[in-house]
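Q: sequence and predicted structure, then a few things I'm wondering about:
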Amino acid sequence: MPPINKYKCNKCGFLLPEGWGGYAYKEDVKGERMQIPHPAEMWVFFESPGIGKLKEGINETAGFNSDCLCLDCLKLLDLDIGDAEDAKESWRYFYGAVKRKDERKCFYCNSKNVRTVFELIGKPCPKCKKGIIEEIETGVIC
């Protein structure tokens with residue numbers, strides 16, 4: 001069960017999305033991404049019979065949207081780009097079946113200067129540039 005943490009600047013209080021860095025999704029027939037509430041991810045993914053069909057189905061219709069921030073326009077984004085820092089711990093890489101689907105690019109300003117919440121921890125605040133983004137344990141586990 002993942003812990004739900006807060007992510008904020010220790011000087012200006014700039015807040016990033018709280019949680020565990022993103023969420024699993026499954027695409028509908030139109031390709032729209034629907035969030036899968038935790039802990040239902042595995043039930044959704046294992047509904048297909050047979051390992052071959054399972055991996056094929058996950059590859060095409062499911063993924064993990066990371067909580068991201070554009071460092072240029074400060075807009076929050078949900079992108080399926082993986083997360084280099086925690087990729088080995090993520091369920092999607094553990095099962096080896098899901099492909100990254102999005103380019104690391106802001107759809108508001110087209111900047112490629114986009115980072116995940118995890119990549120911002122311990123780094124200077126993108127808003128005030130004086131504080132540091134901290135991960136704060138809430139004690140809540142989902």
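A: On my side now, so go ahead.
Q: tell me how far stretch 124-139 is from the chain's mean position?
A: Centre-to-centre, stretch 124-139 and its host chain are 18 Å apart (CA atoms, centre = their mean, to the nearest Å).
Q: typo on my end, stretch 25-39
A: Distance, centroid of stretch 25-39 to centroid of chain: 14 Å (CA atoms, centre = their mean).
Q: what of stretch 75-82?
A: 6 Å.
Q: how about stretch 27-43?
A: Counting by CA atoms, centre = their mean, stretch 27-43 comes out at 14 Å from the chain centroid.
Q: which helix or strand lies directly C-terminal to the worst-scoring helix or strand of the chain on mean pLDDT?
A: Least confident helix or strand, the chain: helix 91-95 with a mean of 42, by mean pLDDT, DSSP states H and E. Past helix 91-95, further along toward the C-terminus, the next helix or strand under DSSP states H and E is strand 114-116.
Q: name every strand pairing with that following strand and say which way it goes.
A: strand 62-70 (antiparallel) (DSSP bridges).
Q: residue 9 reaches residue 128, doesn't it?
A: Yes. Residue 9 is within contact range of residue 128, at 6.2 Å (criterion: CB atoms under 8 Å). All C-beta spots, glycine's among them, are computed from the backbone N, C-alpha and C.
Q: in terms of neighbours, single out the busier of these two.
A: residue 9 (21 against 12; other CB atoms under 10 Å).
Q: for the more buried one, name its beta-bridge partners.
A: Here residue 9, judged by DSSP bridges, has bridge partners residue 133.
Q: flag every buried residue along stretch 119-130.
A: For stretch 119-130, a neighbour-count test (16 or more other CB atoms under 10 Å) marks 119-121, 125-127 as buried.
Q: tell me the contacts of residue 138?
A: 3-6, 18 (CB atoms under 8 Å, 6 or more residues apart in numbering).
Q: most neighbours among those residues, which one?
A: residue 5 (18 neighbours).
Q: excluding sequence neighbours, find me the nearest residue to that residue.
A: Leaving aside its sequence neighbours, residue 5 sits nearest to residue 135 (CB to CB, 6 or more residues apart in numbering; 5.2 Å).
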